[in-house]
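Student: Fold the stuff below for me.
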Amino acid sequence: MKKGQFFPYKDENVAKRFPYITIFLIILNVLIFIWSLFDFENTMLTYGFVPASFTAVTIFTSMFLHGGIDHIFGNMWYLYLFGDNVEDKLGRVKFIIFYLLSGIAATFTHLVTNLGSEIPAIGASGAISGVLGAYLVMFPKVRVHVASYYYHGTVPASFMIGFWFVLQLIFGTVSFVGDRGSGIAFWAHIGGFVFGYAVAKVLKKG
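Tutor: All right, here's what the predicted structure looks like:
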């Protein structure tokens, strides 16, 4: 946990139905991560999304690859914490479609902000960012339990997710003028989030 940031560990939002798709996605990501460890470098190069030479297949396969234990744990925890309620609201079929489309939107945002890059982009965070965007629309007032160096308690989901999004915008902007060596695809997060937020807004009005 970095100073100035906080970690969400619980939300006061009980799903009415068991989140089968959310759990399935978590298990699938974990199994693929374990499989990738047998030939890690080659797997990343073959199935990661490389803006300079991507294929239609890698748009999807890159969503299920992770660079390490901390990477997959962080992503799966956010998916577990917020995905169940979005799945409950959308329904299972709509949720899996929404999840994949969020990932695609994130990947193409990464593409247009990293044209010519030969570094493979991997991770479920783009799709999960879409889930966060939808959660913000659907459950803005739900209390989320968070922990940090400076605070331990509850905050509204709108604050927690809004704070996270502002950080992505700041770091994404800095990446254009400064060091891109962090290895984090901030603009993929932004693209996925905006897509998820917009779709949830449309569905809410409907």
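Student: can we go C-alpha only for contacts and neighbour counts from here?
Tutor: Fine.
Student: Where does the prediction get shaky in the protein?
Tutor: 1-5, 178-182 (pLDDT under 70).
Student: ok, which stretches of it are helices?
Tutor: 20-36, 40-47, 56-61, 69-90, 92-113, 125-138, 157-177, 186-205 (DSSP state H).
Student: quick one, which of these is nearest to residue 144?
Tutor: When the helices of the chain are compared by C-alpha to C-alpha, helix 157-177 sits nearest residue 144, at 5.8 Å.
Student: what comes up buried for that closest one?
Tutor: 157, 158, 160, 161, 162, 165, 168, 171, 172, 175 (16 or more other C-alpha atoms under 10 Å).
Student: Also stretch 197-206?
Tutor: 197, 198, 199, 200, 201.
Student: still on that earlier bit, ok, and which of the helices of the chain has the densest surroundings?
Tutor: helix 125-138 (a mean of 28; mean count of other C-alpha atoms under 10 Å).
Student: starting at the chain centroid, how far to it?
Tutor: 7 Å (C-alpha atoms, centre = their mean, to the nearest Å).
Student: What are the contacting residues of that helix?
Tutor: 63, 75, 78-79, 82-83, 85-86, 99-107, 157-158, 161, 188-201, 204 (C-alpha atoms under 8 Å, 6 or more residues apart in numbering).
Student: now the angle between helix 186-205 and that helix, please.
Tutor: 30 degrees (axes from the mean of the first three to the mean of the last three C-alpha atoms, to 10 degrees).
Student: how distant is stretch 82-96 from the center of its chain?
Tutor: Distance, centroid of stretch 82-96 to centroid of chain: 15 Å (C-alpha atoms, centre = their mean).
Student: I meant to write stretch 186-197 there.
Tutor: 8 Å.
Student: For it, give me every contacting residue.
Tutor: 98, 102-110, 113, 125-137, 165, 168-169, 171-172.
Student: Could you rerun that using 7 Å?
Tutor: 102-103, 105-107, 109-110, 125-127, 129-134, 137, 168, 171-172 (C-alpha atoms under 7 Å, 6 or more residues apart in numbering).
Student: export it as CSV, just CAs?
Tutor: Extracted as CSV, the C-alpha positions of stretch 186-197 are listed here (Å, rounded to 0.1, in the frame of the first residue of the first chain):
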residue,chain,number,x,y,z
PHE,A,186,-3.3,4.3,-16.9
TRP,A,187,-5.2,5.3,-20.1
ALA,A,188,-6.5,1.8,-20.4
HIS,A,189,-8.0,2.3,-16.9
ILE,A,190,-9.5,5.6,-18.0
GLY,A,191,-10.9,4.2,-21.2
GLY,A,192,-12.5,1.2,-19.4
PHE,A,193,-13.9,3.4,-16.7
VAL,A,194,-15.4,6.0,-19.0
PHE,A,195,-17.0,3.2,-21.1
GLY,A,196,-18.5,1.5,-18.0
TYR,A,197,-19.7,4.8,-16.6
